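>>> Everything below, folded, please.
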Amino acid sequence: MRKILYIIIQCTWGIIQTLLGLFVFLLNIKNRHFFYHGHTIQSLIFGPLYLIVMGIPSTLWGFLPYFQHKRDNGVSYFSFFTERFANYLGEKTTKEKSMGNAII
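Alright, predicted model coming up:
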């Protein structure tokens, strides 16, 4: 029942980010994927606001040269609030250890 409810909410409350995630997945289907469960929980929490509150800041953190330079100089990708919160949620829901503050 939980899984069905999860799917229904992701396909209604979180439909925009679900479709964007599917699009990105399909563009990179041949590449190795790492699934961050915490981001899907963030999507459930924030719904339509997810893209503003988490998605845009996370994308900027991932792609702007200024932030890439910081990561190249030892700042963990997972130290940013969106990634740190996703790790926390992922650990709580899956009971598995996240990557923490690994430098990648």
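
>>> Helices of the chain, residue ranges please.
In the chain, the segments counted as helices under DSSP state H are 2-10, 15-27, 37-46, 50, 56-63, 65-72, 81-94.

>>> could you say what helices and strands the longest one packs with?
This means helix 81-94. With contacts defined as 3 or more CB pairs under 8 Å, 6 or more residues apart in numbering; DSSP states H and E, helix 81-94 has these neighbours: helix 37-46, helix 56-63. C-beta coordinates here come from the backbone N, C-alpha and C atoms, glycine included.

>>> orientation of it relative to helix 56-63 in degrees?
110 degrees (axes from the mean of the first three to the mean of the last three CA atoms, to 10 degrees).

>>> what is the rounded mean pLDDT of helix 81-94?
Helix 81-94 shows a mean pLDDT of 88.

>>> Tabulate the CA atom coordinates of that helix in PDB.
What follows is helix 81-94, C-alpha atoms only, in PDB (Å, rounded to 0.1, in the frame of the first residue of the first chain):
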ATOM      1  CA  PHE A  81      22.000  21.800   2.000                       C
ATOM      2  CA  THR A  82      20.000  20.100  -0.800                       C
ATOM      3  CA  GLU A  83      22.400  17.100  -1.000                       C
ATOM      4  CA  ARG A  84      22.900  16.900   2.800                       C
ATOM      5  CA  PHE A  85      19.100  16.900   3.400                       C
ATOM      6  CA  ALA A  86      18.600  14.200   0.700                       C
ATOM      7  CA  ASN A  87      21.300  12.000   2.300                       C
ATOM      8  CA  TYR A  88      19.600  12.400   5.700                       C
ATOM      9  CA  LEU A  89      16.200  11.500   4.300                       C
ATOM     10  CA  GLY A  90      17.600   8.600   2.300                       C
ATOM     11  CA  GLU A  91      19.300   7.200   5.400                       C
ATOM     12  CA  LYS A  92      16.100   7.500   7.400                       C
ATOM     13  CA  THR A  93      13.900   5.800   4.900                       C
ATOM     14  CA  THR A  94      16.200   3.100   3.500                       C
END
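
>>> Since that was my last question, I'll sign off now.
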